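1. following is a predicted model, sequence given first.
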Amino acid sequence: MPTHVIAGIGWYTKEQWPEYLLLMDGDIDETHEAWYRKALKLEKKMKKEGIEVVRAPVDLSAFDLWCKIHKRKPDGASRAEYVREKTK
């Protein structure tokens, strides 16, 4: 029986980008445009592989609180876990 895979991609608006840059740790894109291009490329690749992609809008204040509660740094691993929780 085929498995239906759903994956979320954290989605950010251009208006959020200054706050995103202040909050996030680790390897991040300098501009919203650079992030957006990568996100679209990833989304296309995943869809081609048969994965249903959900664009998960990220509330940065809620993510920051989530990180504090879970004692996590606001990095790529934490963003991925947060988005996974939000797209269940």
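-> Yep, it's here. Numbering: from 1, shown residues only.
2. correct me if wrong: His32 contacts Lys14.
-> Yes. Applying Cβ atoms under 8 Å, one finds His32 in contact with Lys14, separated by 4.6 Å. Placement of C-beta: from N, CA and C, glycine included.
3. who has more neighbours out of the two?
-> Neighbour tally, His32 and Lys14, criterion other Cβ atoms under 10 Å: the higher count belongs to His32, 18 against 12.
4. now do the same contact list for the more buried one.
-> Neighbour list for His32: 12-14, 17 [criterion: Cβ atoms under 8 Å, 6 or more residues apart in numbering].
5. and what of Asp29?
-> So Asp29 contacts 35, 38 (Cβ under 8 Å, 6+ apart).
6. in a helix, it, correct?
-> No. Read with DSSP: H, G, I helix; E, B strand; the rest coil, Asp29 is coil and lies in no helix.
7. circling back to that earlier point, turn the contacts of His32 into a markdown table, columns for secondary structure.
-> Formatted as a markdown table, the contacts of His32 follow (three-state DSSP):
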| residue | secondary structure |
| --- | --- |
| Tyr12 | coil |
| Thr13 | coil |
| Lys14 | helix |
| Trp17 | helix |
